[in-house]
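Trainee: I'd like to go over a predicted model; first the sequence, then the structure.
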Amino acid sequence: MPVTVIVDAFWGDSGKGKACAHLATTLDASLAVRAGVGTNAGASFTLPDGTHVKQRQLPTAWVNPKTQLAVGPGVLVHPDTLLSEMERYGLQDRTTIDHRCGVITAEDIEADQQDQFLRDVVGTSGSGVGPARARYVNRTASQARDHASLAHLSTDVAVEANRRAAAGEEVLIEGAQGTQLSVSFSYEYPCTTVKNCTTAAAIDDVGLNWRHLSDVLLVVKAMPTRVGQGPLPHEMTHAEAEARGIAEYGVNTGRPRRKAHRIDDDLLAYAAMLNGPTKIALTFTDHYDPAMRGRTDPAHITPRVRDLITHVEEVTGAPVTMIDTGPLLSHIIDLDR
Ligand code: IMP
Ligand code: MG
């Protein structure tokens, strides 16, 4: 079945990038396309050789050398970030971006970081996506095709994704941010990002015909986190997270992530309703139960995490097929294999 979309149930930072990298290998994906807002995303995981991968723009699916990489037309591009990720991971020969991608400028970043409302009330990532998106919607932004440094990478990603899917090739769509940050689905506006972060939004970011969609992998973080302002149900103190050795810091901003003791069932049900998952990836289970750290064998899932899996399956109506157990790419239990 050709197209899998990966989206997040809560506020992001749940391991979508790692799930995408894993699936690129296990499904031997022909193409992976980044969806989502832009470079406000930050994905991180560690490769077997110890390389710590951190990226904001391109799909993490590059870990499979046969997978082609693309950025969908709905995604904002920051040229320096894009080009440096291509260079860092040697992706020059297999990266394309859509020629219609809006381009984030230095002024957008400056405005995002200096604007008092964006900084203090919204708590943005400061990556310029809000000001750039405002200009794009206002039709004053430039597009990738207008930039000499990007023109040679630019193509019609919508055509390419639909063509490969129609030919039965495996395509991955890597969403970004999280459902609860969606600008028009969150109950907490203005503490949101600048677009929706759902399945429908992700396929729209790419221009994928919905008929090609076969799977939606909803990534559910066992102990949800939030960066920036807005409510976080069941929030623990940062001191407790530190004391338990499970404190987290943002990939882009270094900001401490606010962390919850547990999943909020109402928000999980809402995320399932909006996204229609066919599969669930339950991530950061080693934070929820330290005994899970680094496990790879389905026989070694602890009773505590077994109970959580049953509960998440009841709330979402979808099976947990992937269980993340630590920071290495290999720290995964894949029940689909
Ligand atoms: P912006 O998307 O940078 O404008 O930030 C708006 C809100 O969304 C802030 O609370 C950010 O912390 C949050 N946010 C945006 N992108 C991400 C992400 O990829 N992971 C986690 N939080 C995000
Ligand atoms: Mg992140």
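Mentor: Okay, I see it. Ligands and ions are numbered 1, 2, ... in the order given.

Trainee: And the helices in the chain, which stretches?
Mentor: Under the criterion DSSP state H, helices of the chain are mapped to 16-26, 79-88, 106-114, 116, 129-137, 148-151, 157-166, 199-206, 238-243, 265-275, 285-288, 303-316.

Trainee: Quick one: residues contacting the residue nearest to Tyr249 when sequence neighbours are not counted.
Mentor: Closest residue to Tyr249 apart from its sequence neighbours, by C-beta to C-beta, 6 or more residues apart in numbering: Pro256 at 5.7 Å. Quick note: C-beta positions are derived from backbone N, CA and C, even for glycine. Residues counted as contacts of Pro256 (C-beta atoms under 8 Å, 6 or more residues apart in numbering) are Val227, His238, Ala247, Glu248, Tyr249, Gly250.

Trainee: I'd like to know which of these are buried.
Mentor: Neighbour counting with 16 or more other C-beta atoms under 10 Å marks Val227, Ala247, Glu248, Gly250 as buried within these.

Trainee: overlap between those residues and the residues near ligand 1?
Mentor: Counting by C-beta under 6 Å from any ligand atom, Val227 from the buried ones among the contacts of Pro256 sit close to ligand 1.

Trainee: Give the closest residue to the residue of the stretch 101-250 of the chain found nearest ligand 2 in space, chain neighbours not counted.
Mentor: For the stretch 101-250 of the chain and ligand 2, the shortest gap (C-beta to the ion) falls at Gly250, measuring 7.0 Å. For Gly250, ignoring the flanking residues on the chain, the nearest one in space by C-beta to C-beta, 6+ apart is Val227 at 5.2 Å.

Trainee: Show the backbone phi and psi for the one you found.
Mentor: Dihedral pair for Val227: phi -110, psi 150, per degrees, to the nearest 10.

Trainee: ok, now which ones touch it?
Mentor: Contacts of Val227 (C-beta under 8 Å, 6+ apart): Trp11, Gly12, Asp13, Gly123, Ser125, Gly250, Thr253, Arg255, Pro256, Arg257, Arg258.

Trainee: Just give me the closest of those residues to ligand 2.
Mentor: Asp13 (4.0 Å).

Trainee: wait, what's in contact with the closest one?
Mentor: Gly42, Gly178, Lys221, Thr225, Val227, Glu248, Gly250, Val251, Arg257.

Trainee: Could I get the contacting residues of the last one?
Mentor: Contact criterion C-beta under 8 Å, 6+ apart gives Asp13, Thr225, Arg226, Val227, Ala247, Glu248, Tyr249, Gly250 as the residues in contact with Arg257.

Trainee: same thing but at 7 Å, please
Mentor: Contact analysis of Arg257 by C-beta atoms under 7 Å, 6 or more residues apart in numbering lists Asp13, Thr225, Arg226, Val227, Glu248, Tyr249, Gly250.

Trainee: State the pair within those residues that is farthest apart.
Mentor: Arg226 and Tyr249 (13.2 Å; C-beta to C-beta).

Trainee: Tell me how many other residues crowd Leu282.
Mentor: Other residues lying near Leu282 total 27 when counted by other C-beta atoms under 10 Å.
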